[in-house]
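*Asks:* Take a look and give me a structure for this.
(2 chains)
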Amino acid sequence: MSDLKKIKEEFLEKLKGGLNLSEINEIKSNLFGKNGLISSQFKKIGSIAESERKKFASDLNIIKDELQDLIDRKMDEIQNAEINEKLEKEKIDITLPERTFVRGRIHPVSQTIDEISSIFSEIGFSVEEGPDVENEYNNFTALNTPDNHPARDMHDTFYLDEKKEKLLRTHTSPVQIRTMLKDNPPFKIIAPGRTYRSDSDQTHAPMFHQVEGLHIDKDINMGHLKGCLNYFIKEFFEIDKIKMRFRPSHFPFTEPSAEVDIGYKIKDGKIIIGEGDQWLEILGCGMVHPNVLKNVKVDPKKFQGYAFGIGIDRLAMLKYGINDLRAFFDCDYRWLNHFGFDPLDVPTNYRGLSR
Amino acid sequence: MKITFDWLKDHLDVKLKEEKLLEQLTNIGLEVESVENISVGNELFKIAKIIKTEKHPNADRLKVCDVDVGEKELKKVVCGANNAREGLITIYAPPGAVVPKTKIKLVVAKIRGVTSYGMLCSENELNLSDESEGITELLKSKYEKNVGKSYFTKSNSNLIDLSITPNRPDCLGIKGIARDLAASGFGKFKDPKKKIIKQKKKQNLKVKINKEKNRGCSVFGSCLITNVENKESPKWLKDKLVSIGQKPISAIVDITNYVMFDINRPLHAYDANKIEKGITVRNSKYGEEFTALDNKTYKLENGMCVISDNKGVLGLGGIIGGTRSGTELSTKNILLEAAYFDPSSIRRTAKKLNIDTDAKFRFERGIDPLSIEEGLNKASLLIKKICGGEISKIDIQKNETFKNKNVKFDPNLFEQITGFKIPLNKMYKILEDLGFKIKKDKNYFNLAIPSWRPDILQEIDIVEELVRITGYEKINLINPIKERNKSTLNQSQKLFHFLQRAIASKGYLEAITWSFTDSNFNNHFRNKIKEIKIINPISSELGVLRNSIFSNLIMYMSKNLDRGFKDLSIFEIGPIFFGSNPGEQSTVVCGLSAGKKNRLSWIDKERNVDVFDIKRDVVQTLVEAGFNSDNFFIDNETPNYYHPGKSGRLFLNEDKNNVAAFFGEIHPNVMKKVDIKTESLVGFEIFVDNLKLPNKTLNDQKTKFNVSDFQKSERDFAFIVDKEINAQKIVKIVSNVDLNLISNIKVFDVYQGENIPENKKSIAVSVTIQSSEKTLNDSDLEKINKSIVQAVESKTGAKIRS
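*Replies:* All right, here's what the predicted structure looks like:
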């Protein structure tokens, strides 16, 4: 038996046993160390007769590779076993709670405002704003509601001075006036915001939210008004069909004026919008009164259009099944958590209002 | 306005069902608020006679009555009324009946141990009058024979409550509503030819309207009815008034009320014998007083329109009469008044004196000035019929003659506004039915507006009439075009929405609280801004506009803590006010965070929320919103509601132009004063209007991508500095040493104590140095090190720690 074969047999046998890492390392150095058995054989190559040299070198390489592979494999095995043993010891109760996190919430009114803005954005409305404190002229007179007009009784007004010239706006309609005074037609705006009336009971809060809409152009008529609101209501309630009723009403700043009811029914204690034979009033609207246009220096012979005002809190209540208006402003942690929205739920045109 | 279908039929020939009526009323703009059958169950209320009364064994003020209700057995009823006595004829309600006033359903009940079967009713409980003292007393002679019969006559007509908009005074009379219905095709309007009634007798009570500035009365019509016998109204009249929820009083008063509700013509009846030497309509003088029919004495100001006689004020014209000249059952001679009062004068006076009456409600909306004679005739004939007497000629004093207004109407305007067409002849018919007098011009309608329609002033009002009567359902729906010519939100609106969601995403619950607040709370956070009072707040706790959002937020935080929630973050984004003029407001994001972090955590150590938590929320939010934190400048000049040592004021850059935010612990004194109980309370205010966004789109913000792959080195420096030297200063000094090479600076240790002299501290920073051009060699780095040490030492008096 040649030396090579002997070495091979011997070490294959040695490597069969259950070895630990240091034993393997020892074997490795016995074979491949500076004076290892295999290394020595390599040194011999030069002294071997030329006729056998080639075969010898080839045999040696094969044995070398074979043993090397085996050693590597053995080492891997051992290392794996050691790691596995270590990992096994590190095992934890993964059902323990994660580190605490807190979740913020967006108020349903804010969410609803974003939904409304998103819907009207699609049909070309932009958002305007106005101050919460208004003068008497913008809130009433410019809107064709002169002093001592009974229509003022519909608005219980908070005043900031004895002369009653400064007040908290009772509706978002003064934004119409501000918008039209600072710019030229056409106008196509919505104006969401806080509004104030001095009554307070189960269904009224001294502060609430409205969104005003105004579209003035050359030939905007009541059909456009109807189409716009129909579109809005369908989009807002995220339903395909809506039962909508326009009925005549009166607001000093629009003529003709209308109130809009939507059909609903109560099913299992929950309100279902768009079906049923009950009517629910949700907004007021009309064609902007020529007197209002004259007050803001817009020629009613050339321009006309519509305006509307919607109660945002009420829309939110209807859509999200909230019963109590007062709770909107009570700031109860539990309520905010329950009816609030995740800040990542941003209503947009492309992803829609809801998930 | 309350009506019944039966009453409507006095003015309307119609065979349709009530259901149809309700629909039609709403369709033409006379919105049906509610429909109620007030007579349902009324037959249960029986005329009854008290046979015997005994004192209740267990209660001094109660009686046990045996009552004859027309059945075999007497009913035992417990009653507390003083006037419950043997022989009294009254009204009995059995168990099961619903009391009209209180809507309470009666049951058999034990009252202090005695079982009571039903109840004896007061007039008030039956809505018959305001009389609530004692039970109803019926006239023995008239009702004794009817014991056991129902007191109320059965009516099948529902009480329909309409919400009449303020522009439609004509529909505050049933006739006006009938006219509108008829024009819309619901029945035929009965408009009897006006009878000309000529009386011979002279009206010999002198009436005069004073010629004054700002007088409130332009026409005063009157007639005298002499030798009447005022009495209870006949049944048909009482039924009529009761059917719309009115209480019958006496024939004279009931007739004036009837005429008012029927044709919307308020009248007033005076006891003519109580008028001293004729009537003067004039403006009041300051300090004049009179006692009105509501039994209140009013002190008048200058310039209120009063009806007076020689002795003084009799009543406020068109608002309320006075007790001195009121009619009574004994009244023999009546002066009946029908006048035209100026709406704004009525409104001014009634508002000042805080009086609301049916007459005032009508006059302030505008009464038909041509209804004076019709009203006087209708009422006086009824009085004569019911109470007898003689009617005088009508006397009319006036200083203005009413002229019908005219409107020139272009029929094309209809389609222009409504988007659909109706034929000319249909327009013509609708307008005629509504009472317009029409002259057709070539392309126009020349319209004389009916005197009862003060709301119609111009062409657009005619369009409304036409579309209202035609029906809004005829308007074609035009779908909107999905086209946008202007961006939906402007930059500051976008910033508002961004900040709102950025703060919420850091664990804050968004609250919306009132824009007004409690002055006491507001004072803690007012910070020298003047208080803005609301003149008429709903309560004193909501008496001022908020100068800071904290006042409300801290109150609601406290409420939530009281609910047992300990670790809580809330915020609000909204207006605060610094003046009472429009625009003197700014938008603020304000947040509060209370309690601990990691409370009851099995893994992390719990600790109080602190100023650096809230600073992170503020800084991170601003960075997310697009501001560069490298430029931020922070000092500790904060309002006095923050902890003076643990709070900061943040500017977007060193120019310190506008405060971007305050943040910090809330001052312990403030917490004590508002009585909020928590381990720790920190808050912030971000002033949205002060955040001037660079005028850059996201696209502009993405500059050329430029990074260095040359080796970077980190060097640590520990400086010993005076306590007052803040970290921000050291960081700025270091970063200014070489803006190109110093790419990052981190404060990683602050230390005071052993080995550090008193009044000094050690601040350690780690500085990253990297060139974009080459790998720095040792000597380059050494040079920078030296510069850094030198700069910090020379500018702060620091010493590098070795």
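*Asks:* Check which helices and strands the helix or strand encompassing residue A:214 is in contact with.
*Replies:* Residue A:214 is part of strand A:207-217 when elements are defined by DSSP states H and E. Identification of packing neighbours for strand A:207-217 by 3 or more C-beta pairs under 8 Å, 6 or more residues apart in numbering or on different chains; DSSP states H and E yields helix A:108-122, helix A:174-182, strand A:187-196, helix A:222-237, strand A:278-288, strand A:304-311, helix A:312-320. For every residue, glycine as well, the C-beta is placed using N, CA and C.
*Asks:* list the contacts for the residue of the stretch 301-450 of chain B found nearest chain A?
*Replies:* Here the stretch 301-450 of chain B gets closest to chain A at one residue, residue B:419, 3.4 Å apart by C-beta to the nearest C-beta. Counting by C-beta atoms under 8 Å, 6 or more residues apart in numbering or on different chains, residue B:419 touches A:221, A:222, A:223, A:224, B:475, B:476, B:478.
*Asks:* What backbone torsions are found at it?
*Replies:* Phi and psi for residue B:419, reported as degrees, to the nearest 10, are phi 80, psi 0.
*Asks:* gap between the closest residue to chain B within the stretch 51-200 of chain A and residue A:337?
*Replies:* For the stretch 51-200 of chain A and chain B, the shortest gap (C-beta to the nearest C-beta) falls at residue A:102, measuring 3.3 Å. Note on residue A:102: its distance to residue A:337, by C-beta to C-beta, to the nearest Å, is 11 Å.
*Asks:* coming back round to it: and the strand holding residue A:214 with helix A:222-237, angle?
*Replies:* Comparing the axes of strand A:207-217 and helix A:222-237 via axes from the mean of the first three to the mean of the last three C-alpha atoms, to 10 degrees yields an angle of 140 degrees.
*Asks:* Flag every buried residue along strand A:207-217.
*Replies:* Neighbour counts over strand A:207-217 (16 or more other C-beta atoms under 10 Å in any protein chain shown) mark A:207, A:208, A:209, A:210, A:211, A:212, A:213, A:214, A:215, A:216 as buried.
*Asks:* Of these, which is the nearest to residue B:683?
*Replies:* Among the buried residues of strand A:207-217, residue A:207 lies closest to residue B:683 (C-beta to C-beta), at 22.4 Å.
*Asks:* close enough to count as contact, that closest one and residue A:193?
*Replies:* No - with contact defined as C-beta atoms under 8 Å, residue A:207 and residue A:193 do not form a contacting pair (10.6 Å).
*Asks:* what about residue B:527, distance to residue B:550?
*Replies:* The value you get for residue B:527 to residue B:550, if C-beta to C-beta is used, is 10 Å.
*Asks:* Specify the helix with the largest residue count in the chain.
*Replies:* Went with chain A since none was named. Using DSSP state H, we find that the single longest helix of chain A is helix A:50-90.
*Asks:* Not quite, go with chain B.
*Replies:* helix B:778-796.
*Asks:* Need the residues that contact it.
*Replies:* B:713, B:715, B:717, B:719, B:721-722, B:725, B:729-730, B:733-734, B:736-738, B:741-742, B:767, B:769, B:771, B:776, B:798-800.
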